[in-house]
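K.L.:
can't give you the sequence, but here's the structure:
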C-alpha cells in the first residue's frame, strides 16, 4: 500500500494547502516532494518509479483535455507566415541563445554538445497549460490578439516534439555527440583488490562504477575517489542506481561464487553486452584446461583468496611491454611457477585494456602490446 498511501498523502497536502491559501497547493506539493527526497525514506526508489508512471498517465490525459478546448477557428489563425516566422525564431534563435548563455562557464560541454542541446528542446505540458489558462482569461477580458496565445503555444509544442522525434538522432550523429562504444565498467564488490583494480582502470581513462552491500567497503571506495553505491545484488535493482549509458562491461569480483554468478545471469544483457566476467572458484581451479569455462572468467590462474593476498602484500600494478606472443607466453609461464604476481590485463597499441583470456593468441597479441600484472615485479 506504499504507493497508494503516498498518493493519498500528496492529495491531502494539496487540498489542505489550497484551503488555507488559494492556488498554493501546487507549490506545497513541490516542497513536500523536496522534503521527502531528503528524508532518506526507505523504498523511495519504488515511489519514484510509481511517480514516473502516474506522471506519464496524467500528463497524457491533460494534453488531451487541453487540446479538446481547441477549436478549428483557433487553428486557422496559424495559417499566417508570421506564425511560422515566430516558430523559427523560437527554435533557431531564442533556444540556442538560452542554451549558450546558461552554459558559458561549463567546463565539460563542447561546442557541438551545446548545439545539440539547442536543437533538442521540446516544449511541454507547463507551457501548454499556462497558455490555455492565460489565453482564455485574456481573450475573455478583450485583450487584443489574446486569441493567438493558445494556438501559437500548441503549434510550438507540436512542432518541437515532431522535430526532436525525427531529427535528434541524425543531428547527434552529424555533430559527433553519440556514444559509439560502451566501455564503462560496473564492478560488483568494493573490497580491497576490487578498489585497487578499479583505480587502475579509472587512471587509464575507463569509467568505473563499484557496487557493494557492505557500507564499510562503499565508504572506503568513495574515500579513494571511486564512483560507488551501496546495493544488494539480490534485493536491489542495480539499474535504478546507475544512470549510465556507457557501461558495457560487468566484473563480479566478490568472494562468493553465488554472488558472482547472480549478476552475470541477471544483468549481462544490460551492463555486460561487451563482456561479463566473474572470479574463478577454488573448485574450478582444480579442473584441467579442457574442462575450464571458455569465457566469463576474470582470471584463470587465481581465485579470490590468491588475488586478495597478493593485493594486500604487494599492492602495485606493473606494465611490461611485450615483444610478441612468445614473450607473453614466457612471462605467464614464469608467473605460474613463481608466487606473488598475477596477470590481469592486456593493453593493445591503442591503449585499450583487454581482460586476459585463457588463450591469449585469440587477441592477436603483437609487439608493442603491454601486459598489466599485480604484485611482485617480474623480470621481462
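P.N.:
It's in. Owing to the predicted nature of the structure, the values given are computational and were not obtained by experimental measurement.
K.L.:
Please make it C-alpha for all contacts and neighbour counts, starting now.
P.N.:
Noted.
K.L.:
Burial check on the closest residue in space to residue 199 that isn't next to it in sequence, number of neighbours?
P.N.:
Excluding the flanking residues, the one nearest residue 199 by C-alpha to C-alpha, 6 or more residues apart in numbering is residue 226, at 7.1 Å. Look at residue 226: counted by other C-alpha atoms under 10 Å, it has 20 neighbours.
K.L.:
Likewise for the one 4 residues further on?
P.N.:
Residue crowding around residue 230 was assessed by other C-alpha under 10 Å; the count is 20.
K.L.:
show me where the stretch 101-250 of the chain has helices.
P.N.:
Remark: helices assigned in the stretch 101-250 of the chain by DSSP state H, counting those that start in this stretch are 111-119, 125-140, 149-175, 192-203, 215-223, 238-241.
K.L.:
Between the ones you listed, which one is closest to residue 315.
P.N.:
Nearest to residue 315, of all the helices of the stretch 101-250 of the chain, is helix 192-203, at 7.7 Å by C-alpha to C-alpha.
K.L.:
about what we covered before: show me the one of the helices of the stretch 101-250 of the chain that comes nearest residue 50.
P.N.:
helix 238-241 (12.9 Å).
K.L.:
Relative to residue 377, how far out is residue 170?
P.N.:
50 Å (C-alpha to C-alpha, to the nearest Å).
K.L.:
Between these two, which is the more surrounded one?
P.N.:
Of the pair residue 170 and residue 377, residue 377 is the one with more neighbours under other C-alpha under 10 Å, namely 16 against 11.
K.L.:
And what about the residue nearest to residue 264 when sequence neighbours are not counted, helix, strand or coil?
P.N.:
Once flanking residues are discounted, residue 264 sits nearest to residue 276: 6.4 Å by C-alpha to C-alpha, 6+ apart. Secondary structure, DSSP: H, G, I helix; E, B strand; the rest coil: residue 276 is strand.
K.L.:
distance of residue 276 from residue 253?
P.N.:
According to C-alpha to C-alpha, residue 276 stands 11 Å off from residue 253.
K.L.:
All the helices of the stretch 251-380 of the chain, in order from the start?
P.N.:
Secondary structure of the stretch 251-380 of the chain (DSSP H, counting those that start in this stretch): helices located at 257-271, 282-285, 304-313, 325-337.
K.L.:
All good on my end, thank you.
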